[in-house]
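Asks: Model the structure of this input:
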Amino acid sequence: MKLLRYGPVGQEKPGLLDRNGQIRDLSGAVRDIDGESLSPASLDRLRRLDPATLPLVAGTPRLGPCVGNVPKIVAIGRKSVEYYRRREAEVEQSYTQIPTDVAFAQIKSMTRPLVEMFASGEVDEVHLVFTRYVNAITFRPGHVQFLPIVPEKRAKRPEGLYEFEPQPTEILDALIPRYVEVTFHRLLLESMSSEHAARMNAMQNATENASDLIQSLTLQYNKSRQAGITKELLDIVGGAEALRG
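Replies: Below is the predicted model of the structure:
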């Protein structure tokens, strides 16, 4: 089951692609495929839906951008840039040809515009959609709210008095930008790891398929060769018997 948006430009509706390759209408379940519907709780609810109970979309409608209500899009990687370009979506910034050992200075240059847009009030929230690495053969779509930072929920502990030097505001002013950069770097590396693992799996499967094909063709060749040799021997023996007679 894959989520998608279909319909004329500017009038896209939420939908999903079922196992048979047919598009089902999701308008009765969610308003649109946006940040709200991509939250973990909403995704869990969508997973429990039976696609067969959803209305079937007739014909072959136009497929629109994968996410709606996105005022500004920053695309990272050639695939994402090409994806939004094909769907005529407006991309605020794009980054391609990022090396695996990306320098931290480049991470700073990539996160700075995001922080500036949030700090200036140009956007209310910044969300990151990435590929979450589970293991060498399992990758899942991931989504996190990048800004504002959502504190982790922890059990309450007895409060104590602490003295900070320098002041807490000065410490946070230094730590929060570093936290943002490190988080962005970690998610970027997680997506890169997923891509490299997927390529490795594809090459391994291709190698195994090629080996199986070589074995099959070798066996076929040997059978044909043996049949040819047997036929020639029978012809020779038959000719010799004919000469004796």
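Asks: contacts and neighbour counts: CA atoms only from here.
Replies: Noted.
Asks: Any buried residues in stretch 180-193, and which?
Replies: Residues 180-182, 184-185, 187-193 are the ones in stretch 180-193 that count as buried (16 or more other Cα atoms under 10 Å).
Asks: Select from those residues every entry located in helices.
Replies: Members of the buried residues of stretch 180-193 lying in helices (criterion: DSSP state H): 180-182, 184-185, 187-193.
Asks: Those into a markdown table, with extra columns for distance to residue 216 and pLDDT?
Replies: Shown next, in a markdown table, are those (distance: Cα to Cα, whole Å; pLDDT from 0 to 100):
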| residue | distance to residue 216 | pLDDT |
| --- | --- | --- |
| 180 | 54 | 91 |
| 181 | 53 | 93 |
| 182 | 51 | 93 |
| 184 | 48 | 94 |
| 185 | 47 | 94 |
| 187 | 44 | 94 |
| 188 | 42 | 94 |
| 189 | 40 | 93 |
| 190 | 39 | 93 |
| 191 | 38 | 93 |
| 192 | 36 | 92 |
| 193 | 35 | 92 |
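Asks: will you turn the buried residues of stretch 180-193 into a markdown table that also has distance to residue 120?
Replies: Listed next are those as a markdown table, based on distance: Cα to Cα, whole Å:
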| residue | distance to residue 120 |
| --- | --- |
| 180 | 17 |
| 181 | 18 |
| 182 | 22 |
| 184 | 20 |
| 185 | 23 |
| 187 | 24 |
| 188 | 25 |
| 189 | 28 |
| 190 | 29 |
| 191 | 29 |
| 192 | 30 |
| 193 | 33 |
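Asks: Please identify which of these is nearest to residue 97.
Replies: residue 192 (11.8 Å; Cα to Cα).
Asks: Relative to residue 193, how far out is the residue nearest to that closest one when sequence neighbours are not counted?
Replies: The spatially closest residue to residue 192, leaving aside those adjacent along the chain, is residue 100, at 7.1 Å (Cα to Cα, 6 or more residues apart in numbering). Distance, residue 100 to residue 193, using Cα to Cα, to the nearest Å: 9 Å.
Asks: try residue 65
Replies: Counting by Cα to Cα, the gap from residue 65 to residue 193 is 25 Å.
Asks: for residue 199, same thing?
Replies: 10 Å.
Asks: How about residue 231?
Replies: Taken as Cα to Cα, the span from residue 231 to residue 193 is 57 Å.
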